[in-house]
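Enquirer: Here you go, sequence then predicted model.
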Amino acid sequence: QVQLVESGGGLVQAGDSLRLSCAASGRTFSNYAMGWFRQAPGKEREFVAAISRFGTTTPYADSVKGRFAISRANAKNTVYLQMNGLTPEDTAVYYCAAHTLSVPWAPDRPDAYDYWGQGTQVTVSS
C-alpha cells in the first residue's frame with residue numbers, strides 16, 4: 001500500500017508561481033515512478049509531468065513544457081511540481097500518482113498508476 005498526500009495548492013494570479021508537494025508513505029519511495037495529473041471541471045484527467053525512480057526521465061505535457069518542473073527527493077519520500085508562469089488554463093485539481101506495478105511504465109497514461117492522492121486545488125485568476 002502507498003499513501004499519497006498532496007499540498008501546496010491555492011489561489012494565485014496569472015504569472016505567479018506555485019510549488020506542489022506530494023508526500024508518499026507505505027513503501028520504499030525510490031522503488032516507483034511518480035506522475036502529476038490534473039483535472040479541470042468538465043474535463044478529463046490529463047497528464048502534466050512524470051519522473052522515473054531516480055529522476056533520470058522527466059516527460060512533460062506540451063502545455064506545461066518550459067513552465068513546470070518535476071523533481072523528487074527520495075530521502076524525503078516527496079515529489080514536487082514547480083509551476084511557473086501560471087495561466088487561468090492551469091486551473092484544476094492536481095493529483096499525484098504512483099506507479100508501483102511490475103509492468104512497463106507509460107508516464108502519460110492514468111491507467112499506468114495504481115495509487116493516487118486526494119488532489120489539491122490550483123486556481124489561477126486573470
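Expert: Here it is on my side, so go on. Residues are numbered from 1 along each chain as shown.
Enquirer: And stretch 23-38, what's buried?
Expert: 23-24, 29, 32-38 (16 or more other C-beta atoms under 10 Å). Yep, even glycine has a C-beta here, placed from its N, CA and C like the rest.
Enquirer: end-to-end on it?
Expert: When the termini of stretch 23-38 are compared using C-alpha to C-alpha, to the nearest Å, they are 17 Å apart.
Enquirer: Equivalent analysis for stretch 32-52, please.
Expert: OK, stretch 32-52 end separation, C-alpha to C-alpha: 7 Å.
Enquirer: Tell me the gap between it and the middle of its chain.
Expert: 6 Å (C-alpha atoms, centre = their mean, to the nearest Å).
Enquirer: excluding its backbone neighbours, what's nearest the residue nearest the centre of the chain?
Expert: Centroid-nearest residue in the chain: Trp36, 2.0 Å away (criterion: C-alpha atoms, centre = their mean). Among residues not flanking Trp36 along the chain, Val48 sits closest, at 4.3 Å (C-beta to C-beta, 6 or more residues apart in numbering).
Enquirer: what sits against that neighbour?
Expert: Val48 makes contacts with 35-38, 60-61, 64, 68, 81, 94, as judged by C-beta atoms under 8 Å, 6 or more residues apart in numbering.
Enquirer: The helix or strand Gly35 falls within packs against which elements?
Expert: Element membership for Gly35, per DSSP states H and E: strand 33-39. Here strand 33-39 touches strand 18-25, strand 46-51, strand 68-73, strand 78-83, strand 92-99, going by 3 or more C-beta pairs under 8 Å, 6 or more residues apart in numbering; DSSP states H and E.
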